[in-house]
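Asks: Compute the structure for the input listed below.
(one chain, ligands or ions: 2)
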Amino acid sequence: MTSDSRSAIEARVSAKIASLSAEQLKLVEKGARIIRRGGLVAFPTETVYGLGADALNTDAVAAIYETKGRPSDNPLILHVSSIAMAEGVVEINARARILMEKFWPGPLSLVLPAKDVVPSRTRGGLSTAAVRMPDAAIALALIEKSGLPIAAPSANVSGRPSPTDAETVRSDIGAKIPLVIDGGDTRFGVESTVIDMTAGRAVLLRPGGLSKEAIEGALGEEVLLPQDQNIIRRSPGTRYRHYAPSLPLVLCCAQDVPKGARRWAWMGISEPQGEPCAKMIFKDKAEYAKELFRALRALEKSGAEIIYAETPDETGIGRALKDRLLRASGK
Ligand code: TXA
Ligand code: MG
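Replies: Ligands and ions are numbered 1, 2, ... in the order given. This is a model prediction of the structure:
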């Protein structure tokens with residue numbers, strides 16, 4: 001990476017942090033003190049809210065797993081506020097640098113060989129670690145003021161839809177942690193894209209806020225899917241049922257919602273045929289993705305017995321959206 005592009009990233013980060021109000025900064029400083037003491041803080045990123053702790057402190061990281069009820073072999077993403085901080089925790093190769101330069105800060109997590117300072121607990125026992133630079137002022141300021149990489153999974157109870165607003169975080173885990181920083185609704189609504197950059201070819205471990213097409217454009221090569229090769233490079237997280245609403249969810253088209261006696265709710269971009277007891281209609285795929293997790297939680301309370309969700313096409317953000325819908329449906 002040239003020193004120019006490194007300083008371009010630094011300039012973007014500083015401008016973001018400078019946009020915070022004095023009140024927000026005070027909360028961030030309080031959060032940073034909690035993180036440095038080994039405590040937990042929930043905070044907004046551009047994707048979903050994260051449950052953060054000092055990534056280099058084994059006990060702090062153990063508390064994340066405990067609070068979420070998360071399986072201990074599912075590794076955490078390390079959130080950084082500078083390239084230097086990323087270099088402190090992983091071995092960065094030339095192709096990973098291209099992606100950092102182009103997409104950081106942003107919804108892209110890169111899996112790279114971990115350095116010894118990263119506790120095994122943070123890595124879920126793997127030799128690699130995922131790093132990302134979030135594109136949200138509060139998150140960047142919290143990392144910078146802590147002076148530490150922050151390990152942060154989504155701030156929900158394991159298995160529940162990820163939280164995209166502070167109220168949902170409070171209702172899921174608020175009673176168990178000292179601070180939830182409120183930054184309003186998150187911009188993307190689905191988590192970051194996770195790419196394995198440890199081998200010759202990039203592998204998409206989890207589709208997310210940054211599209212596969214955008215990454216392919218930057219690298220000038222096709223990004224593989226885990227099933228494209230006989231490699232077992234998978235994201236441990238994808239083994240678990242995620243994003244489960246408390247009602248059954250079924251994907252279908254607006255024209256062929258199954259007819260039956262059950263009260264049903266609808267979510268999608270098109271108007272459904274038939275009479276749902278509740279519906280959420282979005283203007284496009286981006287809004288569908290942004291509102292997805294909140295819509296799942298809202299429709300659970302609508303009195304419906306089943307949720308029908310419109311199947312999106314798989315281009316751009318549609319790939320991540322469809323992935324989350326399939327998981328919510330138990331597929
Ligand atoms: O947008 C996001 O990524 C949010 C916000 C808070 O930054 N975080 C998030 O974290 O979604 P979490 O823990 O819910 O998901 C992390 C994903 C999991 O699927 C995990 O298995 C994968 O990243 N992951 C982390 N480290 C990995 C590694 N070394 N190798 C393979 N997959 C890894
Ligand atoms: Mg999660």
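Asks: Which pLDDT value belongs to P272?
Replies: pLDDT, P272: 95.
Asks: just the one 4 residues further on next, same as before
Replies: Turning to P276, the model gives it a pLDDT of 95.
Asks: I figured it hits A304, correct?
Replies: Yes - P276 lies in contact with A304 (C-beta atoms under 8 Å); the separation is 7.5 Å. Heads up, the C-betas are built off the backbone N, CA and C, glycines and all.
Asks: For V250, give its distance to P107.
Replies: In this view, V250 and P107 are 28 Å apart by C-beta to C-beta, to the nearest Å.
Asks: and the residue nearest to S154 when sequence neighbours are not counted, how many neighbours does it have?
Replies: Excluding the flanking residues, the one nearest S154 by C-beta to C-beta, 6 or more residues apart in numbering is S162, at 3.9 Å. Neighbourhood size, S162 [other C-beta atoms under 10 Å]: 26.
Asks: Could you do R201 as well?
Replies: Counted with other C-beta under 10 Å, R201 comes out at 16.
Asks: wait, what's in contact with the closest residue to it other than its chain neighbours?
Replies: Once flanking residues are discounted, R201 sits nearest to L224: 5.3 Å by C-beta to C-beta, 6+ apart. Shown in contact with L224 (C-beta atoms under 8 Å, 6 or more residues apart in numbering): 201-204.
Asks: Backbone dihedrals for the residue nearest to S154, please?
Replies: phi -60, psi 150 (degrees, to the nearest 10).
Asks: Same check on A129?
Replies: According to degrees, to the nearest 10, A129 has phi -140, psi 150.
Asks: neighbours around it, how many?
Replies: There are 28 residues near A129, going by other C-beta under 10 Å.
Asks: Do you know the pLDDT at the most far-flung residue of the chain relative to its centre?
Replies: The C-alpha centroid of the chain is most remote from A261, which lies 36.7 Å away (C-alpha atoms, centre = their mean). As predicted, A261 sits at a pLDDT of 74.
Asks: quick one: low-confidence ranges for the stretch 51-200 of the chain?
Replies: Filtered on pLDDT under 70, the stretch 51-200 of the chain yields no residues whatsoever.
Asks: Residue numbers of it in contact with ligand 1?
Replies: 74-77, 107, 109, 111, 123, 126, 128-130, 134, 152-154, 191-192, 194 (C-beta under 6 Å from any ligand atom).
Asks: Would you map the strands across the stretch 151-300 of the chain?
Replies: Using DSSP state E, counting those that start in this stretch, the strands of the stretch 151-300 of the chain run over residues 179-180, 193-196, 203-206, 249-252, 264-268, 278-281.
Asks: Make a markdown table from the ones you listed and add distance to L99 to it.
Replies: Formatted as a markdown table, the strands of the stretch 151-300 of the chain follow (distance: least, C-beta to C-beta, whole Å):
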| stretch | distance to L99 |
| --- | --- |
| strand 179-180 | 31 |
| strand 193-196 | 7 |
| strand 203-206 | 12 |
| strand 249-252 | 31 |
| strand 264-268 | 32 |
| strand 278-281 | 34 |
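Asks: would TSV of those strands with mean neighbour count be doable?
Replies: As requested, those are exported to TSV (neighbours: other C-beta atoms under 10 Å):
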stretch	mean neighbour count
strand 179-180	20
strand 193-196	26
strand 203-206	21
strand 249-252	18
strand 264-268	25
strand 278-281	18
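Asks: among those strands, which is nearest L148?
Replies: In this view, those are compared for proximity to L148 by C-beta to C-beta, and strand 179-180 is the closest at 15.9 Å.
Asks: partner strands of that closest one, parallel or antiparallel?
Replies: Strand 179-180 has its sheet partners listed here by DSSP bridges as strand 41-44 (parallel).
Asks: Distance from the partner strand to the middle of the chain?
Replies: 13 Å (C-alpha atoms, centre = their mean, to the nearest Å).
Asks: For A137, which non-adjacent residue is closest in space?
Replies: K16 (4.4 Å).
Asks: From D135, how far out is that neighbour?
Replies: On the measure of C-beta to C-beta, K16 and D135 end up 7 Å apart.
Asks: same thing with R97?
Replies: For R97, the distance to D135 (C-beta to C-beta) stands at 18 Å.
Asks: More neighbours: these two, which one.
Replies: D135 (23 against 18).
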